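Visitor: pasted the sequence and its predicted model underneath.
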Amino acid sequence: MQINKLSLLALVLSSSLLVACGGDSSSSSSDDESTPPVDNSGDSNNGGDETPADGNNDGGDTTSATGLEPLQGTWVYDCDVVDGGTGNTGSLTFDGGNYSYVIESYKDSSCTNLEVVMTFSGTHSFEGTQILSSGQTVIKTRASNVTSEMAPQDAEWITAMNQNNTCGADWEIGKKVDITNCAALEMVHTLVTTGLKSGSIFHVDGDVLYTGHSDSVGSSGYPTQLSTRVHTRVAQ
């Protein structure tokens, strides 16, 4: 049972990866959803003009608070249908150079039966801006010091985890367990953190945030197109 559950989680997270480092899935949102044009120019200079963090080509100030200011706050997306007919919701929170990425995975496509909550946290650096061939300016970041926490919400998950002494933890419904260095759940941790560390792009349009599309990653590790998934800023 544990293997089946973990395999399912891996598939869910694979579809959900678009939140932080790009991607698209079948969406349950309305047809009048705001959709930015995308860059189909290929991988030449990652699709457009590029400005390093300090305006030079020497790597720049990777902790520039100014460069990260447009991202600050919490951004959420509504129920989204993913592979297998399940659903998820998610949020991104930026606080200075720190971030938190939460995936709430549900058993159903209407996002009513919560199964597991994953939280990925760490630091991220401002790596400059870039203008896509679509004309949109994106902020480039790269994550580091990423930790992963899992909080199962389903009794079957809890039973399987405790029977197998997974991560040596005492699993309870809703309890967060750090799985960063847990060998049994390495694939879950690695699946998301690899993409985060490779590089992310973000486009802010008022109170709407777009992330990069994971299927358009260029040779530098950054996506060259934007996803159509809409993240809305939470009022402070």
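Guide: Thanks, I have the structure now. Numbers count the residues shown, from 1 in each chain.
Visitor: adjacent strands (with direction) for the longest strand along the chain?
Guide: Counting by DSSP state E, the longest strand found in the chain is strand 114-131. Pairing partners of strand 114-131, with direction, according to DSSP bridges: strand 50-51 (antiparallel), strand 98-106 (antiparallel), strand 137-152 (antiparallel).
Visitor: CA atoms of the last one as PDB?
Guide: Extracted C-alpha coordinates of strand 137-152, given in PDB (Å, rounded to 0.1, in the frame of the first residue of the first chain):
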ATOM      1  CA  THR A 137       9.500  41.000 -18.300                       C
ATOM      2  CA  VAL A 138      10.100  38.100 -15.900                       C
ATOM      3  CA  ILE A 139      12.000  37.900 -12.600                       C
ATOM      4  CA  LYS A 140      14.500  35.100 -12.400                       C
ATOM      5  CA  THR A 141      15.300  33.300  -9.200                       C
ATOM      6  CA  ARG A 142      17.100  30.300  -8.000                       C
ATOM      7  CA  ALA A 143      16.300  28.300  -4.800                       C
ATOM      8  CA  SER A 144      18.700  26.900  -2.200                       C
ATOM      9  CA  ASN A 145      18.500  25.300   1.300                       C
ATOM     10  CA  VAL A 146      15.200  23.600   0.300                       C
ATOM     11  CA  THR A 147      13.500  21.500   3.000                       C
ATOM     12  CA  SER A 148      10.400  19.300   2.500                       C
ATOM     13  CA  GLU A 149       7.600  18.500   4.900                       C
ATOM     14  CA  MET A 150       4.700  16.100   4.500                       C
ATOM     15  CA  ALA A 151       1.400  16.100   6.400                       C
ATOM     16  CA  PRO A 152      -0.900  13.200   5.400                       C
END
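Visitor: what about it, average pLDDT?
Guide: In this model, strand 137-152 carries a mean pLDDT of 94.
Visitor: helix or strand right after that strand?
Guide: Under the assignment DSSP states H and E, the closest C-terminal helix or strand after strand 137-152 is helix 155-163.
Visitor: which strands or helices does that following helix pack on?
Guide: helix 2-16 (3 or more C-beta pairs under 8 Å, 6 or more residues apart in numbering; DSSP states H and E). Any C-beta I mention is one placed from the backbone N, CA and C, and that applies to glycine too.
Visitor: now do the buried residues in stretch 141-150.
Guide: By 16 or more other C-beta atoms under 10 Å, the buried positions in stretch 141-150 come out as Thr141, Arg142, Ala143, Val146, Ser148, Glu149, Met150.
Visitor: just the closest of those residues to Ala235, please.
Guide: Of all the buried residues of stretch 141-150, Ala235 sits closest to Thr141, with 23.5 Å by C-beta to C-beta.
Visitor: okay, and the helix or strand of the chain with the least pLDDT?
Guide: Within the chain, no helix or strand scores below helix 18-21, which has a mean of 43 by mean pLDDT, DSSP states H and E.
Visitor: coming back round to it: tilt between the longest strand of the chain and helix 155-163?
Guide: Strand 114-131 and helix 155-163 are oriented at 90 degrees to each other (axes from the mean of the first three to the mean of the last three C-alpha atoms, to 10 degrees).
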